[in-house]
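# Here's a sequence, model it:
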Amino acid sequence: MRSLGDVRVIGPADPRPLEGMRRSADLLHEARERERAGCMPEAIQGYESAITAAERSGERTVLAEALRRLAVRALCHRSYEVAQQIGNEILAAEALNTLGGLDLATGSMEDARTSFLQALELGGMNPQLRARVEQNLGILANIQGDLEEAITRYARSLEAYRGSRDAQGCAIAYHNLGMVSADRELFDEADRYFGESRAIAERAGDAHLQALCLVNQAEVDAARQRFENARQNAEAALALFDQLGARGAKANAYRVIGVVYRETGRLALAESRLRSAIELAASAGSVLNEAEAARELALLYQGMGRNQDALRLLNTAYRLFRRLDARVDLVHVGGKVAELEGTYLALVRAWGQSIESSDSYTFGHCERVAQHAVAMARALGLAEEDETTVLLGAYLHDVGKVRVPHEILRKPGPFTREERELVEMHPIWGIELLANVEFPWDLKPIIRWHHERYDGSGYPDRLKGDEIPLAAQIVGILDVWDALTTARAHQPALPPAQALAEMTRCRGWWSPRVFAAFVTVIARDGRHVAPGHTTSPDSATHPAGDEGQARPPVRHARS
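Presented below is the predicted three-dimensional model:
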């Protein structure tokens with residue numbers, strides 16, 4: 001959720017100049033660095049140079065930002081210096097509080113915290129100033145995901161506003177306390193705080209604050225499955241935002257209404273409202289509202305079985321949240337992204353299971369491959385993001401099989417040549433199915449190349465050696481393992497020890513590094529004898545991978 005106090009402090013995001021305008025942007029960046037180092041004369045000179053360069057190049061975004069920084073920053077620092085010279089600690093604290101707000105806007109969190117704490121130390125005896133500084137410290141804590149500190153700071157802000165008899169300030173503090181309480185799922189407290197804030201706003205005639213309270217109250221109602229209350233509150237908020245012309249805020253109200261319709265089974269209305277939320281947020285430049293509405297629409301499409309549409313929207317939401325991370329838009333982005341990744345995984349996992357659901361013999365295959373794939377990624381020392389790539393790729397590696405006729409996949413005997421050629425198209429079909437989906441992770445190489453072999457005998461592209469991405473090798477070797485150790489329509493499961501012996505004889509299909517990690521992970525699983533165990537020549541067979549390709553095996557290991 002967004003804190004109302006954010007609006008009072010935060011300024012525009014940092015510019016992102018085009019490559020052709022790098023000179024003015026570089027000068028602006030250098031000036032900021034000088035300012036952060038406390039070298040104000042050099043910083044002022046740097047801002048002036050950036051202004052000159054931006055005027056020449058026509059880069060108006062850089063020009064506007066440099067002008068703002070030169071004016072506001074320089075004057076704030078000057079104000080602080082003068083206040084210090086005359087011994088006026090309140091004015092000095094005011095200047096520091098403003099500087100902290102500017103640092104917060106540009107993502108300089110430690111600088112912002114330092115400025116706010118110094119302001120509190122200098123001017124904390126003034127209730128009004130203390131209230132505003134504590135509010136800003138609460139906003140900072142909320143951005144960083146420290147909800148305990150956020151609620152403590154907002155409570156102190158409320159106490160100070162009360163001490164100064166500032167009703168409007170109390171309303172803001174109550175609202176922010178409601179937001180943090182809702183984030184912590186303390187819904188009774190959130191209800192109470194929103195009620196207090198709204199009552200004050202109504203007495204003061206503050207329609208914008210009334211609407212914010214209503215829409216956030218609606219979110220709490222939806223979380224508590226009080227759907228009719230949620231709809232009524234969101235509709236009332238929407239009417240107020242309409243009067244005020246607040247397009248970005250209207251997007252938030254439409255999002256909540258869309259969620260209510262989705263959860264109550266009115267899917268067409270839900271889609272309409274959520275699409276309106278996305279469009280309004282995008283037109284208003286409200287990245288947070290656009291990201292959250294995209295996520296909610298993705299959940300709707302997931303429930304409708306529209307997996308590709310859901311994935312596209314989750315990817316959109318992911319990119320938007322990453323933009324928020326860069327801009328520091330008053331939201332605990334780490335928590336938002338973690339929540340989104342959980343949604344993403346749930347969707348991909350459900351899709352992987354749906355691919356298998358019509359075939360009882362293969363049901364659970366993607367799940368088993370995914371579990372072992374994460375363990376292999378860790379054994380190989382891959383980064384956390386690469387673990388996520390391997391996990392999601394494992395769930396979707398067989399997505400192209402939806403185009404393979406069921407009677408072929410369920411065939412009890414060996415494939416004909418024509419049938420094998422058809423089945424071996426599934427990696428390419430998987431890529432075609434997902435052609436319009438741009439993943440935040442590099443999943444498509446796994447889908448296309450999990451049947452490639454290190455010795456060049458795989459398909460569809462006959463890649464060889466390290467041409468095969470590591471993630472595809474991981475999923476590929478586990479695909480074979482699961483095919484050998486799971487009963488299918490055409491074959492019983494091999495005992496793990498025999499399956500491992502077969503794979504050891506064909507170890508040239510995988511890089512030594514990947515095979516070693518595979519053996520380590522399977523050994524931890526505890527379901528086979530020690531590596532090196534072999535079966536007798538008479539019982540030996542060759543693992544043929546997913547569809548029994550490339551070798552003349554006794555059995556066909558299909559996944």
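# pLDDT weak spots in the chain?
Within the chain, the stretches with pLDDT under 70 are 1-22, 35-41, 68-69, 71-73, 105-107, 322-340, 351-363, 489-490, 525-559.
# And A204, how far from A155?
21 Å (CB to CB, to the nearest Å). C-betas here are computed from N, CA, C, even on glycine.
# between these two, which one's more packed in?
Comparing A204 with A155 by other CB atoms under 10 Å, the one with more neighbours is A155, at 16 against 13.
# what sits against that one?
By CB atoms under 8 Å, 6 or more residues apart in numbering, the contact set of A155 is 173, 177.
# What helix or strand is it located in?
Using DSSP states H and E, A155 falls within helix 147-163.
# buried stuff in that helix?
Neighbour counts over helix 147-163 (16 or more other CB atoms under 10 Å) mark 147, 149-158, 160-161 as buried.
# likewise stretch 53-66?
In stretch 53-66, counting by 16+ other CB under 10 Å, buried: 53-54, 57, 59, 61-63, 65-66.
# Could you do stretch 306-322 as well?
307, 309-318, 320-321.
# now do stretch 125-140
Here stretch 125-140 shows 126-140 as buried, counting by 16+ other CB under 10 Å.
# So Q217 sits against R231, correct?
No: Q217 lies out of contact with R231 (CB atoms under 8 Å); the separation is 11.8 Å.
# Let's have the buried residues of helix 147-163 in JSON lines, adding distance to A92.
Converted to JSON lines, those look like this (distance: CB to CB, whole Å):
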{"residue": "L147", "distance to A92": "31"}
{"residue": "E149", "distance to A92": "25"}
{"residue": "A150", "distance to A92": "26"}
{"residue": "I151", "distance to A92": "29"}
{"residue": "T152", "distance to A92": "25"}
{"residue": "R153", "distance to A92": "21"}
{"residue": "Y154", "distance to A92": "25"}
{"residue": "A155", "distance to A92": "26"}
{"residue": "R156", "distance to A92": "21"}
{"residue": "S157", "distance to A92": "20"}
{"residue": "L158", "distance to A92": "25"}
{"residue": "A160", "distance to A92": "18"}
{"residue": "Y161", "distance to A92": "22"}
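# For S283, which non-adjacent residue is closest in space?
Spatially, and ignoring its direct neighbours in sequence, S283 is nearest to R247 (6.2 Å; CB to CB, 6 or more residues apart in numbering).
# Quick one: neighbours of that neighbour, just the number.
Counted with other CB under 10 Å, the neighbours of R247 add up to 18.
# what sits against it?
R247 makes contact with 280, 283-284, 286, according to CB under 8 Å, 6+ apart.
# just the buried members of the residues you listed?
280, 284, 286.
# and of those, the nearest to I522?
For those, the residue nearest I522 by CB to CB is S286; the value is 49.5 Å.
# Quick check: phi and psi at the closest one.
Dihedral angles phi and psi of S286 (degrees, to the nearest 10) take the values phi -90, psi 90.
# hang on, it packs against A251?
Yes: S286 is within contact range of A251, at 5.9 Å (criterion: CB under 8 Å).
# which residues are in contact with both of the two?
L280.
# any idea how far the residue nearest to R153 when sequence neighbours are not counted is from Q491?
In space, and not counting its chain neighbours, R153 is closest to G138: 3.4 Å by CB to CB, 6+ apart. To Q491, G138 is 63 Å away according to CB to CB.
# cool, and A270?
Separation of A270 from Q491 (CB to CB): 46 Å.
# Can you pick out the residue with more neighbours from Q217 and R231?
Q217 (26 against 19).
# OK, contacts around that one?
178, 190-191, 194-195, 198, 233.
# what comes up buried for the helix or strand containing it?
Using DSSP H and E, Q217 sits in helix 207-223. With burial defined by 16+ other CB under 10 Å, the residues of helix 207-223 counted as buried are 207-222.
# Which parts of the stretch 251-400 of the chain are helices?
267-284, 287-303, 307-327, 333-356, 365-379, 384-396 (DSSP state H, counting those that start in this stretch).
# and what of the stretch 1-150 of the chain?
4-9, 22-36, 40-57, 60-68, 74-86, 89-105, 109-123, 127-143, 147-163.
# Is it possible to get TSV of those that adds distance to T388?
As requested, these are exported to TSV (distance: least, CB to CB, whole Å):
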stretch	distance to T388
helix 4-9	30
helix 22-36	32
helix 40-57	39
helix 60-68	34
helix 74-86	42
helix 89-105	30
helix 109-123	26
helix 127-143	24
helix 147-163	25
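# Tell me the spacing between the closest residue to V82 other than its chain neighbours and A131.
Once flanking residues are discounted, V82 sits nearest to L91: 7.9 Å by CB to CB, 6+ apart. According to CB to CB, L91 and A131 sit 17 Å apart.
# Nearest to L186 among the buried residues of stretch 306-322?
Nearest to L186 among those is F321, at 24.3 Å by CB to CB.
# Name the next helix or strand downstream of the helix or strand containing L422, please.
Taking DSSP H and E as the criterion, L422 maps to helix 417-423. Once the chain leaves helix 417-423, the next helix or strand it forms, by DSSP H and E, is helix 426-433.
# Next SSE downstream of that next one?
helix 444-449.
# how big is the angle separating whatever helix or strand comes next after that following helix from helix 384-396?
In the C-terminal direction, the helix or strand that comes right after helix 444-449 (DSSP H and E) is helix 470-485. Orientation of helix 470-485 against helix 384-396 (axes from the mean of the first three to the mean of the last three CA atoms, to 10 degrees) gives an angle of 40 degrees.
# List the buried residues for the following helix or strand past helix 470-485?
With elements assigned by DSSP H and E, the helix or strand that comes after helix 470-485 is helix 496-505. For helix 496-505, burial by neighbour count (16+ other CB under 10 Å) applies to 496-503.
# now do stretch 459-473
Quick answer for stretch 459-473 (16+ other CB under 10 Å): 459, 463, 468-473.
# Nearest to W441 among those residues?
A471 (9.3 Å).
# Double-check that closest one against L391; I have them as touching.
No: look at A471 against L391 with CB under 8 Å: they stay out of range, at 9.8 Å.
# which residues do these two both contact?
With CB under 8 Å, 6+ apart as the test, A471 and L391 both reach A377.
# Most neighbours among the contacts of Q217, please name it.
When neighbours are counted as other CB under 10 Å, the busiest of those turns out to be G178, with 30 neighbours.
# That one and L313: what is the separation?
According to CB to CB, G178 stands 29 Å off from L313.
# and if you look at A218?
Separation of A218 from L313 (CB to CB) stands at 22 Å.
# E263 now?
When E263 is compared with L313 (using CB to CB), they lie 17 Å apart.
# ditto for A268
17 Å.
# got it, and G248?
From G248 to L313 the distance is 19 Å (CB to CB).
# cool, V369 as well?
When distance is defined by CB to CB, V369 is 26 Å away from L313.
# same thing with L27?
Distance of L27 to L313, computed by CB to CB: 39 Å.
# Also D466?
35 Å.
# One more: R524?
37 Å.
# try L396
Per CB to CB, L396 is found 16 Å from L313.
# before we move on, what about L274?
Using CB to CB, L274 is found at 9 Å from L313.
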